[in-house]
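Engineer: got a sequence here, can you build the structure:
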Amino acid sequence: MKKVLITLGILVLVGVLVLTGGFFYYSSEVAGSGAVGESREFVVEQGTSPNTIAAKLKEEGFIGSDLCFKIYLKQTGVGPKFQYGTFSLQEGMSYAAIAEELQKVNKNVETVRVTFPEGSTVLQFAAIMEKAGLCTKEEFLQEANHGDFSNLAIWNELQPSENCFMRAEGYLFPDTYDFFPDDTVHNMVGKLFAEFDKKWTPERQAKAKELGLSVKDVVNLASFIQEEAGDPVNMPGVSGVFHNRLAQGSPYPKLESDVSWYYIQDFIRPYYENLGQKVPAGMEEAYYTYDCVGLPAGPLSSPGEAAIDAALNPEKNDYYFFLTDFNGKYYYAKTFEEHLANVATMKQINGQVKASIGAKG
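Structural biologist: Next up, the predicted model:
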């Protein structure tokens, strides 16, 4: 009997400790951390339920527990008063402060919608932002290349390589965004990095590891696929060629892609000329894929999801060369001799296309 009482006593004590710990955790969650982070947008679509909002708050890092927030909503009854729209929240806010913000009536706060096409460079991102009146090109480039975004999981993997032109190149995800005109440049740039961070899923990370590639390798390769293929249908085949060239023991260990020359000529050189400076020694060679072995010092643009997935899932082939004609047909070759034959065919086809266009004109 004594042993039974002791056992019961221990169980009761454990229960009290669990309940006490749970109460303190809930209380700390409701109170917030006290040290709030930077403001970020939180979007609530029309018709979203309070429970779904709780889950989204947890997913986006504004709260630590969606269960605790749901309990808070039941206790206070504020859930049905939540509005839809775009709100400004901070990590570490108290539940009361979050609830107060989410009850503000949507006044259709002015935003500026901006679209960044797939394959845009950092310099093109900056020009688009300046044209939209959101910031200057200089402000954007300074923040994109030198800002601190270590709050993102992917950030520590993006340390620039030697002779890298733009640290941010490749990692500002190309898409359509809505920005607040009075927001900070840091928050606007952070939104672009955060979207890339979200796209780099555990599944893509696992596939990269399986291939022995880092995220930097994948984005670098994907930028070439984006520029060389463009059409998602042809991306896996182009990716297969590049993977063959990068493979150990490859007879053609250089990518030999003309787009690297265009990048040097159209972006690297003009950037330094506008600053009244010379291109740093070794940078052009580090990007020109007829000089450097393997991948260059950095990506050439921001690839879309199709190009990233093609880099991770190359078509299995034994080709080392490819080219396209004016009709968009791709010609693949295993050897340089076969490639030269394809070049002759391509020139013939292109000549016929030009003649046809001339006749119609």
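
Engineer: what about the strands in the stretch 201-350 of the chain?
Structural biologist: 321-324, 330-333 (DSSP state E, counting those that start in this stretch).

Engineer: okay, the ones you listed in JSON lines with mean pLDDT next?
Structural biologist: Formatted as JSON lines, the strands of the stretch 201-350 of the chain follow (pLDDT from 0 to 100):
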{"stretch": "strand 321-324", "mean pLDDT": "90"}
{"stretch": "strand 330-333", "mean pLDDT": "90"}
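
Engineer: and these as TSV, adding distance to K278 and mean neighbour count?
Structural biologist: C-beta here means a position set from N, CA and C on the backbone, and glycine is covered the same way. Shown next, in TSV, are those (distance: least, C-beta to C-beta, whole Å; neighbours: other C-beta atoms under 10 Å):
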stretch	distance to K278	mean neighbour count
strand 321-324	34	18
strand 330-333	38	18
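
Engineer: what domains does the record give for the chain?
Structural biologist: For the chain, automatic domain parsing gives the domain ranges 35-109, 112-199, 202-317, 319-361.

Engineer: tell me the gap between the third one and the middle of its chain.
Structural biologist: Yep, that's domain 202-317 we're talking about. 16 Å (C-alpha atoms, centre = their mean, to the nearest Å).

Engineer: what's the closest of the domains of the chain to Y25?
Structural biologist: Minimum separation from Y25 across the domains of the chain (C-beta to C-beta) falls at domain 35-109, 7.6 Å.

Engineer: contacts only, for G37.
Structural biologist: When contacts are counted by C-beta atoms under 8 Å, 6 or more residues apart in numbering, G37 touches Q90, E91, G92, N151.

Engineer: the stretch 251-361 of the chain: helices as residue ranges?
Structural biologist: All helices of the stretch 251-361 of the chain, identified by DSSP state H, counting those that start in this stretch, fall at 259-263, 269-274, 283-287, 305-312, 336-360.

Engineer: excluding chain neighbours, what is closest to I154?
Structural biologist: Among residues not flanking I154 along the chain, D197 sits closest, at 4.6 Å (C-beta to C-beta, 6 or more residues apart in numbering).

Engineer: quick one: the one you found and L323, what's the gap?
Structural biologist: Computed as C-beta to C-beta, to the nearest Å, the D197 to L323 distance reads 35 Å.

Engineer: OK, contacts around the residue nearest to I154?
Structural biologist: With contacts defined as C-beta under 8 Å, 6+ apart, D197 is in contact with L152, A153, I154, W155.

Engineer: could you do G294 as well?
Structural biologist: L246, P253, K254, L255.

Engineer: ditto for C135
Structural biologist: Counting by C-beta under 8 Å, 6+ apart, C135 has contacts M129, V185, M188.

Engineer: model confidence for the last one, exactly?
Structural biologist: As summarised for this prediction, M188 has a pLDDT of 91.

Engineer: can you check the one 10 residues further on too?
Structural biologist: In the predicted model, K198 carries a pLDDT score of 90.

Engineer: secondary structure element for the residue nearest the centre of the chain?
Structural biologist: Most central in the chain under C-alpha atoms, centre = their mean is F196, positioned 1.6 Å from the mean C-alpha point. Following DSSP states H and E, one finds F196 within helix 185-199.

Engineer: distance between that helix and the chain's centre?
Structural biologist: Worked out by C-alpha atoms, centre = their mean, helix 185-199 lies 7 Å from the chain centre.

Engineer: swap in stretch 59-66?
Structural biologist: 21 Å.

Engineer: name the residues that touch that stretch?
Structural biologist: For stretch 59-66, the surrounding residues in contact (C-beta under 8 Å, 6+ apart) are 25, 29, 40, 42, 51, 54-55, 57-58, 69, 89-91, 93, 95, 98.

Engineer: got the end-to-end distance for it?
Structural biologist: Stretch 59-66 has an end-to-end distance of 9 Å (C-alpha to C-alpha, to the nearest Å).

Engineer: residues of that stretch that come out buried?
Structural biologist: Going by neighbour count (16 or more other C-beta atoms under 10 Å), the buried part of stretch 59-66 is E60, F62, I63, G64, S65, D66.
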